[in-house]
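Got a predicted structure plus its sequence, pasted below:
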Amino acid sequence: MEPLGTFEIIGRILYQFTSVWLALVILFAASIAFKRRLGLYGKLFDSPIGMIGFALVMFWIFTGVFGQMDLIVTHDSLTQISGMKNKVPGTALRGVGEDVYPWYLMGGDNLARDVFSRMVEGAWVVVQIAPLATLFAFMVGITLGLPAGYFGGRLDTGISFLANLILAFPVILLFYLLVTPEIVATGVPNFMATVLFIFPIVFTGVLINSRYHTQPGFRTPLMIGVLGVMFWIYLSMISTNGYLVNNEDFAIPALPKILDLFDVSGGILVVFVSVVFVNSPTVFRIVRGLAMDIKTRDYVAAAQTRGEGAWYIMLWEILPNARGPLIVDFCLRIGYTTILLGTLGFFGLGLPPESPDWGSTINEGRRLLSIYLHPALPPALALLSLVLGLNLLADGLREESLKD
Amino acid sequence: MGMFILKRSGVMILTALALTVAVFFLTNLQPNLEKIAKFEGNARMTDDEVTSWLAKRGYAQPMMKRYGEWLGVSKGWTYTDDAGKVSGRCIAHGQPAEEAPARCGILQGDWGSSSVFKADVTDIVAKRLALTGKLMFWVMVLMIPSALVVGVLAGMKEGSKTDRTLSSFSILTTATPEYVSGVIFIALLASSKNGLSPLLYEWGLIEGKSLFKGTATSAMENANFNNFFLPVLTIALYGMGYIARMTRASMAEVMTAQYIRTARLKGVKFSDIVLKHALRNALIAPFTVIMLQIPWLLNGVVIVETLFNYKGFGWSLVQAASNNDIELLLGISVVSVVVVLATQLISDIGYVYLNPRIRIS
């Protein structure tokens, strides 16, 4: 096989993404056709900036998902093919069978793995962790921020002090302290997961109870059903092989293995927990500020006069009216979480060293940066474009939500 | 005002205490102590040897007692070996045990010593902090004026083409973390084989093989444009976008105020309106943002110092954390807490002084 020229490389890369282009076209056509009926999401398609941002974000989401379905990647992200170490983009493989893709489209890294496939697989790591971790951080921030802002007083002082404490920690030091193998072995991250992951359950429980507590006949079955399922997922998430923590010194049993729905691999759980932990205090501060602002409004006073409970007012009066800034911050924060994940990878923390996530690949590539550009640049640009997309999306949403 | 500062200082001390307890707890967990024993002693020690190694060095005591020793409120540990020789936390090498002070912690001014660098924590922190201070100074010199200029120009006429271009630029910089922009800069500007440098070299525009240096190690002693600009630019760029956007928002808000409209209707020149009427009010908000940005920059400093191998405060943080250097880590956390909370305090006080509306009420 001949090595590929520049245009051929670009052409073939674009061709590999066919499924992504198709999905994007369908999504955009459908969204634009029905944009008047889609609320804030539909309005996004009135703003060019928002549309560009949304396209970038969806590009990487589709890439992550389809990459996992083997539609895009050309090689396995861990396979090393001899003779391909640090080879430039478009180099043809030698001595491989018919069924192997005959080129490394973006070259090989210093362990002779395909840079292109690793970049695509790296998108999946981000798509898996970043949105969910941000959602959890929001659950923690909202559950603590609403009462702190609404009640004020000692409660507020106490939680705010804790939040400021975490914020005063240099993020990278925190990562080093939480994510090193020695700490993971003691189970500290698992305990933190046990505490942090309970917040969504508390949030949902209070949400349902405050709304339907006047109709116990409807509330009780609903609560049992929803919370039961959530609690099962919660237990599955925190337990691995039937244990919460299982090391030489002690073991804490959790959900038996038969009932365990899925296993979160150790590295991902630790990364997830530390990212949630770092993000929650900032969300808390935002929610607290919004709650303090909104609780002086007339409709809150009206609800208080009606005799509604405090949690009803917080969750069904204040929270819906704070949604604009929160949605915008949610987009920005996914971007920030992506940056944090990259930081973890950059320092080689948490995820296994052969993991294809962008931070780790940038870290590997930078050592030979002055000689070989191609291993480090694709993941760097990928991360840049995803975060840029999220920022533009947040900007578009902010603009459109202010128009109301 | 005095009461306010006193209260904030109290909170600062409380935060520092809570934070150091957390760091102390995490670094002193059993697996971490075993790691230290194997790192400093012998990698092939048996479990019993590890236990006795730890006992000889005072690690076997309860954790809170040892935290008290570090703080200087409880007596330092002593250990008498089989030959009757006494060693202890406060007993310097070769010093008779009777002459040593009973307590030696940070209250007595003793910050302990670093196990990685084999030196006093005070010396290391002072030296590294000075190097990082140099870096931060140039970052500020580059970042603040350019951020303010970009923000003011963008906010002057909201929705104009300048605004769109500059706003997109600031969004782009906030979306580029240091480890991405640093890698791109090194690839494009500091490589002798790729990017701009070979071109410039061919044209005879630069003398060396590359435009900039990819490492800043030499900038520790002798900083010049060639070896120091890239790290400074990398940090400054990430922080810049956020300040510029804040300045833009604040400027855009001021430009819609009544007194600006009055000035315009009176026929004041546009440049005079911006420079004499709008600017002063528009710069109040960015000031607080700049101060609050400093702790954020600290994060960037860690990444950039690692990337460019500049051996400052952030670099020592990484070294200390990856080798579980307990006393150095504690020292570093105290310094960072003080930096974070002091900047918050300055930003609050500065806001009051800059904003007459708050000062008078």
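Looks like it came in fine. Just so we're clear, the structure is a prediction, and the values are computed from it rather than from any experiment. Residues are numbered from 1 along each chain as shown, chains lettered A, B, ... in the order given.

which phi and psi does A:D114 have?
Main-chain torsions, A:D114, degrees, to the nearest 10: phi -80, psi 120.

Likewise for B:V116?
phi -80, psi -50.

so who does it touch?
B:319-320, B:323, B:325, B:328 (C-beta atoms under 8 Å, 6 or more residues apart in numbering or on different chains). (Glycine included, C-beta is placed from N, CA and C.)

Need those residues in TSV (columns: secondary structure).
Formatted as TSV, these follow (DSSP: H, G, I helix; E, B strand; the rest coil):
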residue	secondary structure
B:Q319	helix
B:A320	helix
B:N323	coil
B:D325	coil
B:L328	helix
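
Now flag whichever of those residues is closest to chain A.
Chain A lies nearest to B:A320 out of the contacts of B:V116, by C-beta to the nearest C-beta, at 8.7 Å.

Could you count how many residues lie near the closest residue to the closest one other than its chain neighbours?
Closest residue to B:A320 apart from its sequence neighbours, by C-beta to C-beta, 6 or more residues apart in numbering or on different chains: B:L328 at 4.2 Å. By other C-beta atoms under 10 Å in any protein chain shown, 28 other residues sit near B:L328.

so who does B:L328 touch?
Applying C-beta under 8 Å, 6+ apart, the residues near B:L328 are B:114-117, B:121, B:124-125, B:316, B:320.

what would these look like in a markdown table with secondary structure and distance to A:K295?
Listed next are the contacts of B:L328 as a markdown table, based on DSSP: H, G, I helix; E, B strand; the rest coil; distance: C-beta to C-beta, whole Å:
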| residue | secondary structure | distance to A:K295 |
| --- | --- | --- |
| B:S114 | strand | 49 |
| B:S115 | coil | 51 |
| B:V116 | coil | 51 |
| B:F117 | coil | 52 |
| B:V121 | helix | 47 |
| B:I124 | helix | 49 |
| B:V125 | helix | 44 |
| B:S316 | helix | 46 |
| B:A320 | helix | 44 |
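
For those, which two are the farthest from each other?
B:S115 and B:V125 (14.7 Å; C-beta to C-beta).

who has more neighbours, the two?
Taking other C-beta under 10 Å, B:S115 and B:V125 do not tie; B:V125 has more neighbours (19 against 16).

isn't that one right up against B:V335?
Yes: with contacts counted by C-beta atoms under 8 Å, B:V125 reaches B:V335, the gap being 6.0 Å.

roughly how far apart are B:V150 and chain A?
Per C-beta to the nearest C-beta, to the nearest Å, B:V150 is found 16 Å from chain A.

just to revisit the earlier point, need the overlap of contacts for B:V125 and B:V335.
By C-beta under 8 Å, 6+ apart, the residues touching both B:V125 and B:V335 are B:F313.

Run through the strands of chain B in chain order.
B:78-80, B:86-88, B:113-114, B:119-120 (DSSP state E).

Show me what the last one is packed up against.
Contact analysis of strand B:119-120 by 3 or more C-beta pairs under 8 Å, 6 or more residues apart in numbering or on different chains; DSSP states H and E lists strand B:113-114 as its packing neighbours.

10 Å - rerun?
Counting contacts by 3 or more C-beta pairs under 10 Å, 6 or more residues apart in numbering or on different chains; DSSP states H and E, strand B:119-120 packs against strand B:113-114, helix B:326-354.

and that strand, which strands flank it?
Strand B:119-120 sits in its sheet next to strand B:113-114 (antiparallel), going by DSSP bridges.

Would you mark the buried spots in the host helix or strand of A:N164?
Using DSSP states H and E, A:N164 sits within helix A:153-168. Within helix A:153-168, the residues scored as buried using 16 or more other C-beta atoms under 10 Å in any protein chain shown are A:156, A:159-160, A:163-168.

Just give me the longest helix of chain A.
Using DSSP state H to define each element, chain A has its longest helix at helix A:115-151.

Give me the buried stretch members for that helix, please.
Those buried within helix A:115-151 under the rule 16+ other C-beta under 10 Å are A:115-131, A:133-134, A:136-150.

That helix and chain B, are they touching?
No: against chain B, helix A:115-151 shows no contacts by C-beta under 10 Å from any C-beta of the partner chain, the least distance being 13.0 Å.

From what I see, A:L71 and A:Q16 are in contact.
Yes: between A:L71 and A:Q16 there is a contact under C-beta atoms under 10 Å: 8.6 Å.

what touches both of those two?
A:63, A:120 (C-beta atoms under 10 Å, 6 or more residues apart in numbering or on different chains).

More neighbours: which of the two?
A:Q16 (20 against 17).

hmm, back to that, quick one, which of the helices and strands packed on strand B:119-120 gets closest to A:A394.
That would be, of the helices and strands packed on strand B:119-120 and by C-beta to C-beta, helix B:326-354, which comes in at 24.6 Å.

Let me know the angle separating the closest one from helix A:153-168.
Orientation of helix B:326-354 against helix A:153-168 (axes from the mean of the first three to the mean of the last three C-alpha atoms, to 10 degrees) gives an angle of 120 degrees.

how about helix B:326-354: buried residues?
For helix B:326-354, by 16+ other C-beta under 10 Å, it's B:326-337, B:339-345, B:347, B:351, B:354.

Just the CA trace of stretch A:130-137, in CSV.
Taking Å, rounded to 0.1, in the frame of the first residue of the first chain, the C-alpha atoms of stretch A:130-137 are listed here in CSV:
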residue,chain,number,x,y,z
ALA,A,130,-18.8,14.3,32.2
PRO,A,131,-22.6,14.8,31.8
LEU,A,132,-23.5,12.4,34.6
ALA,A,133,-20.9,13.7,37.0
THR,A,134,-22.2,17.2,36.4
LEU,A,135,-25.7,16.1,37.0
PHE,A,136,-24.7,14.5,40.3
ALA,A,137,-22.9,17.7,41.3
